[in-house]
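Q: Can you look at this prediction? I've put the sequence above it.
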Amino acid sequence: MSYVVGDYLLDRLHELGVTEIFGVPGDFNLEFLDHIVAHDGIRWIGGANELNAGYSADGYARLRGIGAVVTTYGVGELSAVNAIAGSYAEHVPVVHIVGVPAKDIQANHRVIHHTLGDGDFHHFRRIAAEVTCAQADLGTADACQEIDRVLNSVRVHRRPGYLMLATDTARVEVSPPTTPLAPPPDFSSAGARAAFEVDAREFLAGKQVTVLADIFVDRVGATDLLRTLVDSRRLPHATLAWGKTVVDESAPNFLGIYAGAASPPALRAAIEDAERLVTIGVQYTDSITAGFSQRIDSRRTIDIGPERTVIGGVDAYAPLSLTAALEILTDIAGEFADPAPIPAADPGTAAPDPLIDDLALTQATLWPLVAEALGNNNVVVADQGSAFFGLATLHLPTGITFLGQPLWGSIGYALPAALGAGLACPDRRAVLVIGDGAAQLSIQELGTWIRERLTGVIILVDNNGYAIERAIHGPAAPYNDIAPWRWAELPHAFGGDRHSVLTLHAGTVGELKECLRAAEEAPDKLVFLQVVTGTTDYPPLVADIAAALTRANTRT
């Protein structure tokens, strides 16, 4: 098999860390899939549908730093657009490769299948341009250069890229790459660095400094720098739920998860009344701030963003990378005042229902027990509902990675994303927490999970429908109901057997404790744990967030 454009693309992806590519076959990508199967360093992971494959690539990319999904033209790529849009919104670098009709078919505007019948083959590229940072219709003359351009853009912007790979272009013979892709340079200007250091020192010297961090710290690969900063002076620090676990939540100077008015009073005061607050990689959204209820005084704040930093709400420093700003703050941290005292936890906000074994499970008893059972090497993926908000406020063990999708919030995202995360880090145990309503949207990927012999734990919260929607509006409305499924039978229907899958059920506190122990003792299996809670029983944070969203949706 000669070396062709398709091989060049695969080698570049492999160079960046891709060892699995997700997708669904279609006649316009089949020859390219042959090259994936033949590649020494990349495996093909066929999904049940393109949307799920896109979700899987997203979960994979959050841990590997880049992911890839392959679909066919039109019908396939449009099915994946929701997933790609979510990756764009949440700054996840996924490369979407679309197999398209041959160049001569396009040039002659032929009316063929999977098209709109008008001879225009760029309808869907124009759609993709709205949810990707770079696009290319690969041609025979410049395919390799265009592949490099798009991949570099994906790495720099931490957002998806889109490649149209025509069937004939994919098999054009080219030379392999002779040099690796250069790492993205730090774009900060010397002037911005110098000015920020001078003014940050003046703003922070002799002051008590508190840190509020969020997801963009992780997206730009600055987690270790953040931890070095907060550890250097034991600075009090918190994150928003979106950035959960970007810091060590077991650290004594970790304050908790800030959620605006939904925060415990002591935590809210520690953030909003801080003498000096440094926000790092923070983006406030309605679902993680209880309807934008944060009260942050910009005059006392340094706000460090991905590309610029603002001091006191007035003076901006750009171009200045988040990484560079963190390095400068760490260098001057010795001039900060001794840290403010860490406020005592408010026991009234965290007291669970009595943990009596024969009591029925509630949301208040479920999530603390799940959090306590997690190991320090788990990757926890939570769907955007009771699962996400149930775990969001609980301190998780050192070493946990917590993934959610609170900005895009696409129901059903978490199951395929957990599959992708598990394949990205096979040495870590994936733990999926998902509601029954969300699971019904993407349950097909359970078959892929079993086929790939991926272990892990799936905790399915059976509460008879869309709980987060019930909390917002219509607790008894029929549109928030779902079809009753026999969940315990599904792992076997999707290909599991007693050697590969352990199916468990818990309806009481005692049963849950026993099931979590059994899950811990079965690390070589996929554990499918169905837990039953009340239909209108919500985690406390869900009630606060739902009330804020209800007010926003009904405002005239």
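A: Noted; the coordinates are in hand.

Q: Helix or strand: which one has Ala471?
A: Secondary structure here is read from DSSP states H and E; on that basis Ala471 sits in helix 467-472.

Q: Tabulate the CA atom coordinates of that helix in CSV.
A: The C-alpha coordinates for helix 467-472 follow below in CSV (Å, rounded to 0.1, in the frame of the first residue of the first chain):
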residue,chain,number,x,y,z
ALA,A,467,-35.4,15.1,36.9
ILE,A,468,-33.5,18.3,36.0
GLU,A,469,-36.4,19.4,33.7
ARG,A,470,-38.9,18.5,36.4
ALA,A,471,-37.1,20.7,38.8
ILE,A,472,-37.2,23.6,36.3
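
Q: What is it packed up against?
A: Applying 3 or more C-beta pairs under 8 Å, 6 or more residues apart in numbering; DSSP states H and E, one finds that helix 467-472 makes contact with helix 386-392, helix 540-554. In this view, the C-beta of every residue, glycine as well, is placed from N, C-alpha and C.

Q: and those, which one's lowest on average pLDDT?
A: Ranked by mean pLDDT, the helices and strands packed on helix 467-472 end with helix 540-554 in last place, scoring a mean of 77.

Q: got the contact list for it?
A: By C-beta atoms under 8 Å, 6 or more residues apart in numbering, the residues outside helix 540-554 that reach it are 259, 261-262, 286-287, 290-291, 293, 349, 363-364, 385-386, 389-390, 392-393, 467-468, 471-473, 538.

Q: repeat that for 6 Å
A: By C-beta atoms under 6 Å, 6 or more residues apart in numbering, the list of residues contacting helix 540-554 from outside reads 262, 287, 290-291, 386, 389, 393, 471-472.

Q: Considering these, which possesses the most neighbours?
A: In terms of neighbours by other C-beta atoms under 10 Å, the contacts of helix 540-554 top out with Phe389 at 31 neighbours.

Q: How about the contacts made by that residue?
A: Taking C-beta under 6 Å, 6+ apart, we find Phe389 in contact with 539, 541-542.

Q: Low-confidence bits of the stretch 201-350 of the chain, can you list those?
A: Residues of the stretch 201-350 of the chain that meet the criterion pLDDT under 70 lie in 345-350.

Q: before we move on, the earlier item: what sits up against the helix holding Ala471?
A: For helix 467-472, the surrounding residues in contact (C-beta under 6 Å, 6+ apart) are 385-386, 480, 536, 538, 542, 546, 549-550.

Q: Mean confidence (pLDDT) on it, please.
A: Predicted confidence along helix 467-472 averages 90 (mean pLDDT).

Q: re the thing from before, could you redo the contacts of helix 540-554 as TSV and give each row distance to Tyr73?
A: Output for the contacts of helix 540-554, formatted as TSV (distance: C-beta to C-beta, whole Å):
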residue	distance to Tyr73
Ala262	45
Ser287	34
Ala290	43
Gly291	41
Ser386	38
Phe389	39
Thr393	44
Ala471	40
Ile472	38
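
Q: quick check, nearest of those to Ser189?
A: Ser287 (35.2 Å; C-beta to C-beta).

Q: Now do the contacts for that closest one.
A: Listed by C-beta under 6 Å, 6+ apart, the contact set of Ser287 reads 406, 545.

Q: Assign it to helix, strand or coil.
A: Look at Ser287: counting by DSSP: H, G, I helix; E, B strand; the rest coil, its state is helix.

Q: From Thr140, how far off is it?
A: Per C-beta to C-beta, to the nearest Å, Ser287 is found 46 Å from Thr140.

Q: Repeat that for Asp524.
A: Asp524 is 49 Å from Thr140, where distance means C-beta to C-beta.

Q: quick one, which of those two is more surrounded?
A: Between Asp524 and Thr140, counting by other C-beta under 10 Å, Thr140 is the more crowded of the two (13 against 9).

Q: Just confirm that one contacts Val172, I think it does.
A: Yes. Counting by C-beta atoms under 6 Å, a contact exists between Thr140 and Val172, whose distance comes to 4.9 Å.

Q: State the distance from Arg498 to Ala387.
A: For Arg498, the distance to Ala387 - C-beta to C-beta - is 27 Å.

Q: now swap in Ala318 and tell me
A: Spatial separation of Ala318 from Ala387 under the definition C-beta to C-beta is 38 Å.

Q: Export the helices and strands packed on helix 467-472 to a markdown table and append columns for distance to Gly375.
A: Formatted as a markdown table, the entries for the helices and strands packed on helix 467-472 read as follows, by distance: least, C-beta to C-beta, whole Å:
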| stretch | distance to Gly375 |
| --- | --- |
| helix 386-392 | 15 |
| helix 540-554 | 24 |
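
Q: do you know which of those lies nearest Ala488?
A: Judged by C-beta to C-beta, the one of these that comes nearest to Ala488 is helix 386-392, at 19.1 Å.

Q: buried sites along that closest one?
A: Along helix 386-392, the positions that meet the burial threshold by neighbour count (16 or more other C-beta atoms under 10 Å) are 386-392.

Q: Specify which member of the residues you listed is nearest to His157.
A: Relative to His157, the closest of these is Phe388; by C-beta to C-beta it sits at 25.7 Å.

Q: Now do the contacts for that closest one.
A: Shown in contact with Phe388 (C-beta under 6 Å, 6+ apart): 382, 404.

Q: hmm, 8 Å instead?
A: 241, 382, 404, 406, 433.

Q: can you pull up the bridge partners for the second one?
A: Partner residues in beta bridges with Ala382, using DSSP bridges, are Val433.

Q: That one and Val431 touch, don't they?
A: No. Ala382 is beyond contact range of Val431, at 9.0 Å (criterion: C-beta atoms under 8 Å).

Q: Tell me which of these two has more neighbours.
A: Neighbours were tallied for Ala382 and for Val431 using other C-beta under 10 Å; the higher tally belongs to Ala382 (30 against 27).

Q: Now do that one, the pLDDT please.
A: 97.

Q: Check the gap between it and Trp242 for me.
A: Applying C-beta to C-beta, one obtains 12 Å for the distance of Ala382 from Trp242.

Q: got any residues that touch both of those two?
A: Shared contacts of Ala382 and Trp242, counting by C-beta under 8 Å, 6+ apart, come down to Gly404.

Q: where does Val457 fall, phi/psi-wise?
A: Val457 has phi and psi values of phi -130, psi 130 when expressed as degrees, to the nearest 10.

Q: Wait, it touches Arg428, no?
A: No. Because the distance of 12.0 Å does not satisfy C-beta under 8 Å, Val457 is recorded as not touching Arg428.

Q: More neighbours: these two, which one.
A: For the pair Val457 and Arg428, the greater number of neighbours falls to Val457 (28 against 19), based on other C-beta under 10 Å.

Q: Kindly state the beta-bridge partners for the more buried one.
A: With DSSP bridges applied, the residues forming beta bridges to Val457 are Val431, Val527.

Q: need the contact list for it.
A: By C-beta under 8 Å, 6+ apart, Val457 lies in contact with 429-432, 519, 526-527, 529.

Q: So which residues make contact with the helix or strand hosting Leu9?
A: Using DSSP H and E, the secondary-structure element containing Leu9 is helix 5-15. When contacts are taken as C-beta under 8 Å, 6+ apart, the neighbours of helix 5-15 outside the stretch itself are 21, 31-32, 35-36, 39, 41-42, 66, 68, 95, 97, 138, 140, 143-144, 147-148, 151, 163, 165, 169-172, 174, 176-177, 180-181.

Q: Just the buried residues of those.
A: 21, 31-32, 35-36, 39, 42, 66, 68, 95, 97, 138, 143-144, 147-148, 151, 163, 165, 169-172, 174.

Q: what are the pairing partners of the helix or strand encompassing Val278, and which direction each?
A: Secondary-structure element containing Val278, defined by DSSP H and E: strand 276-280. Sheet partners assigned to strand 276-280 using DSSP bridges are listed as strand 209-213 (parallel), strand 301-304 (parallel).

Q: Would you mind listing the buried residues in the first one?
A: To tie it back to what came earlier, the one meant is strand 209-213. With burial defined by 16+ other C-beta under 10 Å, the residues of strand 209-213 counted as buried are 209-213.
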